[in-house]
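Trainee: Provide a 3D model corresponding to the input given below.
(one chain, ligands or ions: 1)
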Amino acid sequence: MLTTGETVFGLERVTVQRGGALLLDDVSCRIPARSCTALVGPSGAGKSTLLRLLNRLEEPSDGVVRLHGRPLPELDVLAVRRRVGLVGQQPVLLTDRILDDLRVGRPDLDAEQAAGLLERVGLPPGMLERATAGLSGGEAQRVCLARALAVGPEVLLLDEPTSALDAVSAKAVETAVRDLVAAGTTAVLVSHNTAQARRIAGHALVLDHGRLTAAGAIDRIAYLDEGP
Ligand SMILES: Nc1ncnc2c1ncn2[C@@H]1O[C@H](COP(=O)(O)OP(=O)(O)OP(=O)(O)O)[C@@H](O)[C@H]1O
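Mentor: Modelled structure (predicted):
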């Protein structure tokens, strides 16, 4: 278990039950600041559920999730979601035009800033005026990442952010995430790609059947030695 450094999120004996199923079972762990933590484990282990607890898209059935020591329910949920951005597995675009999508959380974003965001995720700035309808899955995924970055979140939650991308686009997203972490952002990454987890993350939490089975520096996590 990690014990040093500043903690952004702390989970204390967190259980999530849905429809009789135990999605997370008595999980206690911490997410360190200004680093990327990988959430790894087999399909159905509870990784997305844990990620979604961190910006209150899920609520624990038992236990506490703290942000900088404060229980999440004590904080305004919209304020939490501004500080803690999530890019989900399935890209969801909210408006008809890419520029408008980037402005959803930052209405004052000018065209130059918006173009810069597209560049950071490996998309051509000329796409700003394009309709969101008809984007490929990989393009839509990167627009969602750029939209999350527009707000300047303190924490970025990433659920399989490159699963729909080709190798070049995936590299662009990886670079964007690494740059953000180097600049002080805290990231939490769900990934089935163990090589990618090693490239991006400094720490890892391993889940299996809803239980935390290992936690610590990524080069000490045996689970990651078994992957691709
Ligand atoms: N509302 C729900 N009711 C019952 N079971 C659910 C519910 N939501 C999720 N589950 C189940 O909980 C388990 C954990 O789901 P979760 O999406 O957190 O896993 P995961 O580790 O992210 O999986 P994957 O790697 O396949 O995305 C899965 O078996 C899923 O089917």
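Trainee: same for the helix or strand bottoming out on mean pLDDT in the chain, what does it pack against?
Mentor: Of all regular secondary-structure elements in the chain, judged by mean pLDDT, DSSP states H and E, the least confident is helix 167-182 with a mean of 88. Identification of packing neighbours for helix 167-182 by 3 or more CB pairs under 8 Å, 6 or more residues apart in numbering; DSSP states H and E yields strand 36-40, helix 137-150, strand 155-159, strand 186-190, helix 194-200. Quick note: C-beta positions are derived from backbone N, CA and C, even for glycine.
Trainee: what lies in contact with the last one?
Mentor: Yep, that's helix 194-200 we're talking about. When contacts are taken as CB atoms under 8 Å, 6 or more residues apart in numbering, the neighbours of helix 194-200 outside the stretch itself are 36, 38, 40, 162, 170, 174, 177-178, 181, 187, 189, 191, 204, 218-219, 224, 226-228.
Trainee: put the buried members of those residues into a PyMOL selection.
Mentor: This is how PyMOL selects the buried members of the contacts of helix 194-200, with burial counted by 16 or more other CB atoms under 10 Å:
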select buried, resi 36+38+40+162+170+174+177+181+187+189+191+204+218+224
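Trainee: near the ligand, which residues of this structure are found?
Mentor: Proximity of the chain to the ligand, by CB under 6 Å from any ligand atom, involves residues 18, 19, 21, 23, 41, 43, 44, 45, 46, 47, 48, 49.
Trainee: for this structure, what are the low-confidence residue spans?
Mentor: In the predicted model of the chain, residues 1-4, 226-228 satisfy pLDDT under 70.
Trainee: repeat that for 90
Mentor: Scanning the chain with the threshold set as pLDDT under 90 gives 1-5, 88-91, 120-122, 136-139, 141, 161-176, 179-180, 183, 192-195, 220-228.
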